[in-house]
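K.L.:
Predicted coordinates and the sequence they were generated for:
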Amino acid sequence: MDLTTGSVIATIPVVGAHYIVSSPDGTHILVFSNDSNNITVIATALIGTYTDPRTVITGTALSHFDRPVWALFKDNTTAYIFNCGPQCGGVSAGITTYTLGATAPGPTTPLSAATYGLLNGSTLYVAGTPPHTSCPAGTGAPTCGTLNILNANSLTVTSSQPILITDGYHDRMEMGANGQLFIGSHGCYSVNNFGGEVRGCLSIFKTTNSEVVIPPQAGDVTGIQPVPGQNPEVVYVCQGGSFYIYDTTTDQLLVQPNGQVTDIVGQSYDVLLVDPPPN
């Protein structure tokens, strides 16, 4: 689309296209299709020319994708491809390296599940929900998701075993202040017992001590936005249609001076920080 005129300038056929990820320099777009073991790479400079901008990467017998759904770029040319595997009807989940211009993917690191993640320096956090994964004692939720931690340079798993978090399809992850990793999903098993346990699709992983906090709010997580420069440091979260402000020093809802939670009219679905506060 041309954002100046608001008009469509090109339509590129990609069967089942669902997710797109751009390279940092904007020269290539990775397109992920439903129920597919391929990815489509679009060279943006070729859009609107007589040369087809699409290249379909299918993999080989020794190196292939398994229901790829997302990617994170290490730099302008190297991407970490998230293979959803069994959660999306495939065989094996994991992270596969792919270098732009290559005709086949690189090696794969097997993981319990992989639909979304975050690259923080040399650490790669990967979340997903392996089918039939039991939760630890103390919760009414029958199934849980997992968080894997990898060294982004060697793609070796640094966590001794997958860390249990809330289940569902994970598609939100942000690093808040104080090393608090906020992980959100939709379609999780929510627990909302009057006077008892309440849990939804939000998990907070404390990178400082590897503790997992499940806040007592129910529903899908549809937005996560850290807000730097506050005292205390906070993270905005949209969950279950409501807007919440979390204090990263306590992993609990912020107690505001007037004692009231910010009231947003209507169903809150997403939250983004337009102008970061000045230093």
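P.N.:
Here it is on my side, so go on.
K.L.:
Which phi and psi values does Pro86 adopt?
P.N.:
When read as degrees, to the nearest 10, the backbone of Pro86 gives phi -60, psi -30.
K.L.:
Can you get me a residue count around the residue nearest to it when sequence neighbours are not counted?
P.N.:
In space, and not counting its chain neighbours, Pro86 is closest to Pro131: 5.4 Å by CB to CB, 6 or more residues apart in numbering. All C-beta spots, glycine's among them, are computed from the backbone N, C-alpha and C. Neighbour count for Pro131, taken as other CB atoms under 10 Å: 10.
K.L.:
Got the phi and psi for Pro131?
P.N.:
Per degrees, to the nearest 10, the backbone of Pro131 is at phi -60, psi 140.
K.L.:
can you tell me which residue is nearest the centre of the protein?
P.N.:
The chain has Tyr116 as the residue nearest its centroid, 3.1 Å off, counting by CA atoms, centre = their mean.
K.L.:
quick one, phi/psi of the residue lying closest to it once chain neighbours are set aside?
P.N.:
Leaving aside its chain neighbours, Tyr116 sits nearest to His170 (4.6 Å; criterion: CB to CB, 6+ apart). The phi/psi pair for His170 (degrees, to the nearest 10) reads phi -80, psi 120.
K.L.:
so His170 sits right up against Leu181, yeah?
P.N.:
No: look at His170 against Leu181 with CB atoms under 8 Å: they stay out of range, at 11.8 Å.
K.L.:
Residue ranges in the chain under the pLDDT threshold?
P.N.:
In the prediction, the chain carries residues with pLDDT under 70 at positions 61-62, 256-262, 276-279.
K.L.:
okay, which residue of it is out on the far edge from center?
P.N.:
Tyr50 (35.5 Å).
K.L.:
Tell me the secondary structure at that one.
P.N.:
Following DSSP: H, G, I helix; E, B strand; the rest coil, the label given to Tyr50 is coil.
K.L.:
Next one: it from Asn192, what distance?
P.N.:
57 Å (CB to CB, to the nearest Å).
K.L.:
Repeat that for Leu181.
P.N.:
24 Å.
K.L.:
Likewise for Val271?
P.N.:
Counting by CB to CB - Val271 and Asn192 are separated by 22 Å.
K.L.:
Neighbour count: those two, which is higher?
P.N.:
Using other CB under 10 Å as the criterion, Val271 and Asn192 rank with Val271 on top: 18 against 15.
K.L.:
The more buried one reaches Phe243, doesn't it?
P.N.:
Yes: contact criterion CB under 8 Å: Val271 and Phe243 qualify, at 6.8 Å.
K.L.:
Spell out which residues are contacts of both of those two.
P.N.:
Shared contacts of Val271 and Phe243 (CB atoms under 8 Å, 6 or more residues apart in numbering): Tyr236, Val237.
K.L.:
one step back: in the sheet, who's paired with the residue nearest to the centre of the chain?
P.N.:
Ala127 (DSSP bridges).
K.L.:
Would you verify that Asn178 is located in a helix?
P.N.:
Yes: checked against three-state DSSP, Asn178 lies within a helix.
K.L.:
List the contacts of the nearest residue to it once chain neighbours are set aside.
P.N.:
For Asn178, ignoring the flanking residues on the chain, the nearest one in space by CB to CB, 6+ apart is Thr248 at 4.7 Å. Contacts for Thr248 (CB under 8 Å, 6+ apart) come out as Gly176, Ala177, Asn178, Gln180, Pro232, Glu233, Val234, Val235.
K.L.:
and these, which are buried?
P.N.:
Gly176, Ala177, Gln180, Glu233, Val234, Val235 (16 or more other CB atoms under 10 Å).
K.L.:
Would you point out the most distant pair within the residues you listed?
P.N.:
By the measure CB to CB, Gln180 and Val234 form the most distant pair in the buried ones among the contacts of Thr248, at 10.5 Å.
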